[in-house]
Each structure stands twice: as structure tokens, then as C-alpha cells.
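Visitor: generate a structure from the sequence data that follows.
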Amino acid sequence: MAKAVFSWGTFKNVFQSRYIAQIEGLKIFCGLAIYKKIYKRFPDKLQQLVPDILAAIPLDPFTGKDFVYKKQNDKILVYSTGPNLIDDEGIKNSEKGKDDIVWKN
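Guide: Below is the predicted model:
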């Protein structure tokens, strides 16, 4: 009999991490919107949200590192690498195995 690749515990951890990434990424995205409202522009770095807007910058639950933040002119992109741990440049496409968890304006 073949062994299952994922155990229930692994699936549960991925599900929980995905949920945490969605909540923490939304906090960052909201913090960026507040920053823009105050300063009329987006910050160059997420750390500029601390301590006036966020107490601390949440970490990507999949990597333990900062969420990816990219800014170009008046457009922003915030994302977690997702469970595949690969930086797919902020692309979510399950058919192609790209599973970044993304917020953009």
C-alpha cells in the first residue's frame, strides 16, 4: 500500500499558514493604505509603517521572513510565497503551480 504524501497534520498546518498569511498580509495592505492617506504616497519599505501604523511588520508564515513588497509609481504588490515556498513574483495560478498569496491595488 502506498503512503500518503501529506498527513492530516501537514494539511492542517498548510491550511492554518495560508489563513494566517491572508490575515497578516491584509494587515500590511491596510497599513499601506493608511500610510498613503497620511503621506500622499506609499512607503519605500514596509518598516516605515512601524511604529506609527503597525506595532511590527508581520512575517510570512511560510518562510518566516518579511512578506514581499513591491512598489512602482502608485501601484503596490504585497505577497506571501505560499506553501510552495517559491517566489512566483506575486502570481496566483494553481494550474501552473504558482501559489503566492497576493494583495495589490
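Visitor: gap between Lys37 and Cys30?
Guide: Distance, Lys37 to Cys30, using C-beta to C-beta, to the nearest Å: 11 Å. C-beta: built from backbone N, CA, C; applies to glycine.
Visitor: confirm that Ile76 sits in a strand.
Guide: Yes: read with DSSP: H, G, I helix; E, B strand; the rest coil, Ile76 is one of the residues of a strand.
Visitor: tell me where the model's unsure across the chain.
Guide: Along the chain, segments meeting pLDDT under 70 span 1-11.
Visitor: all strands of it, in order?
Guide: 68-72, 75-80, 92-93, 98-99, 101-104 (DSSP state E).
Visitor: between the first one and strand 75-80, what angle do the directions make?
Guide: So the one you mean is strand 68-72. Calculated by axes from the mean of the first three to the mean of the last three C-alpha atoms, to 10 degrees, strand 68-72 forms an angle of 170 degrees with strand 75-80.
Visitor: quickly run through the sheet partners of strand 68-72, with directions.
Guide: Using DSSP bridges, the strands paired with strand 68-72 are strand 75-80 (antiparallel).
Visitor: touching the strand it pairs with from outside, list them.
Guide: 21, 24-25, 28-29, 32, 42, 60-63, 67-71, 90, 100-105 (C-beta atoms under 8 Å, 6 or more residues apart in numbering).
Visitor: quick one: stretch 32-41 to chain centroid distance?
Guide: Relative to the centre of its chain, stretch 32-41 is centred 19 Å away, using C-alpha atoms, centre = their mean, to the nearest Å.
Visitor: other residues contacting that stretch?
Guide: Phe42, Pro43, Gln48, Leu49, Ile53, Ile76, Val78.
Visitor: what sits against the fourth one?
Guide: It stands for Leu49. Counting by C-beta under 8 Å, 6+ apart, Leu49 has contacts Ile28, Gly31, Leu32, Tyr35, Pro43, Ile57.
Visitor: Val102: how many residues sit nearby?
Guide: By the measure other C-beta atoms under 10 Å, the count of residues near Val102 is 19.
Visitor: meant to ask about Asp99
Guide: 21.
Visitor: can you give me phi and psi for the nearest residue to it once chain neighbours are set aside?
Guide: Using C-beta to C-beta, 6 or more residues apart in numbering and skipping residues adjacent in sequence, the residue nearest Asp99 is Gly82, 3.7 Å away. Backbone torsions of Gly82, given as degrees, to the nearest 10, read phi 80, psi -180.
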